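> next input, structure requested:
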Amino acid sequence: MIQLKDVYKAFGEKKVLQGFSLDVQEGETMVIIGYSGTGKSVAIKHIVGLLEPDAGEVWVDNVRVDTLPRRELVKLRSKIGYVFQFAALFDSLSIGENVAMGLRKQGELSSKEIEQRVAESLDIVDLEDVAQRFPAELSGGMRKRVGIARAIALRPKYILYDEPTTGLDPVTSAVIDELMVRMRDKLGVTGIVITHDMRSAYRVGTRIAMLYEGRVRQVGTVDEIQHSTDPIVRQFIEGRPSLEPAA
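Model prediction:
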């Protein structure tokens, strides 16, 4: 279980999180929606200790993340996969080498075991034949899938997806959505997805939370969010430029 309790975070005078609280249950996919620049990515970076809260607490499996010493934080990160917004692949490394990076850093598997794990992970995202290719040779959607393969190669309990469908066409976005559902249903991975793509949110989410003015405005099932009466939530999910009722 992941818990963020009354988290505050500011960068200089810019207040980003102002009492952000959220519980993520095991086995679910929590989608965090909200306007650009409201702090969605900032929130999930606290989960892996990339950021520390100015106030509040961050917990993963009853371990308080924001007070962990460096060695224990590294250990915690081994069970949390992170899929970056633009895949964050190293252009000078082959796809196989990119996927293997975390495994080699862990130092727990032999070279043969790493090679097998890389092949398995690429197969899960339907890219079994690209290990020897380089990122520049792949489409944007394929690079996103490699990013997911790299995350699942560590066999994480949790995966954090930061804007996984940004910049993709609708068909490719649907492929990424299907993969996220597959991670949950077939591998039992608990997911947190940051997005402003409501089609994607409805496809992959078991619950959806809206971040607004530094706090969770509303959290609920897909059906509850779709039928929300909150004017701020309705404006966002319907893509309306005004809080006035649609004509």
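> helix or strand for Pro156, which one?
In this structure, Pro156 is located outside every helix and strand according to DSSP states H and E.
> brain fart, Val181
Under the assignment here (DSSP H and E), Val181 is part of helix 170-187.
> what residues of that helix count as buried?
Within helix 170-187, the residues scored as buried using 16 or more other Cβ atoms under 10 Å are Thr172, Ser173, Val175, Ile176, Asp177, Leu179, Met180, Val181, Arg182, Met183, Arg184. For the C-beta atoms, the positions are set from N, CA and C on the backbone; glycine is no exception.
> centre of the chain to the helix or strand just after that helix, how far?
Downstream of helix 170-187, the next assigned helix or strand under DSSP H and E is strand 190-194. For strand 190-194, the distance between its averaged C-alpha position and the chain's averaged C-alpha position is 4 Å (Cα atoms, centre = their mean, to the nearest Å).
> what of stretch 220-240?
Stretch 220-240 has its C-alpha centroid displaced from the chain centroid by 21 Å (Cα atoms, centre = their mean).
> residues of that stretch that come out buried?
Neighbour-count burial for stretch 220-240 flags Val222, Ile225, Ser228, Ile232, Val233, Arg234, Gln235, Phe236, Ile237 (criterion: 16+ other Cβ under 10 Å).
> tell me the mean pLDDT for the helix holding Val181?
pLDDT averaged over helix 170-187 equals 88, rounded to a whole number.
> which residues does it contact?
The contact list for helix 170-187, computed with Cβ atoms under 8 Å, 6 or more residues apart in numbering, reads 27-29, 124-125, 139-141, 144-145, 148, 152, 159, 161, 164-165, 168, 189-191, 193, 197, 199-200, 203-204, 206.
> mind running it again at 6 Å?
With Cβ atoms under 6 Å, 6 or more residues apart in numbering as the contact definition, helix 170-187 has outside contacts at Thr29, Val125, Gly141, Lys144, Ile148, Pro164, Thr165, Val189, Gly191, Ser200, Arg203, Val204.
> poorly predicted segments of this protein, please.
Low-confidence segments of the chain, defined by pLDDT under 70, span residues 86-87, 242-247.
> where do the strands sit along it?
Along the chain, the segments classed as strands by DSSP state E run 2-11, 14-24, 29-33, 55-60, 63-64, 80-83, 158-162, 190-194, 207-212, 215-221.
> save those as TSV, and put in distance to Ile95 too.
Formatted as TSV, the entries for these read as follows, by distance: least, Cβ to Cβ, whole Å:
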stretch	distance to Ile95
strand 2-11	30
strand 14-24	30
strand 29-33	26
strand 55-60	29
strand 63-64	33
strand 80-83	15
strand 158-162	19
strand 190-194	23
strand 207-212	32
strand 215-221	37
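> deepest-packed of those strands, please.
Among the strands of the chain, judged by mean count of other Cβ atoms under 10 Å, the one packed with the most neighbours on average is strand 29-33 (a mean of 26).
> that strand pairs with which strands, and in what direction?
When pairing is defined by DSSP bridges, strand 29-33 lines up against strand 190-194 (parallel), strand 207-212 (parallel).
> tell me the angle of the shortest one relative to helix 170-187?
Calculated by axes from the mean of the first three to the mean of the last three Cα atoms, to 10 degrees, strand 190-194 forms an angle of 160 degrees with helix 170-187.
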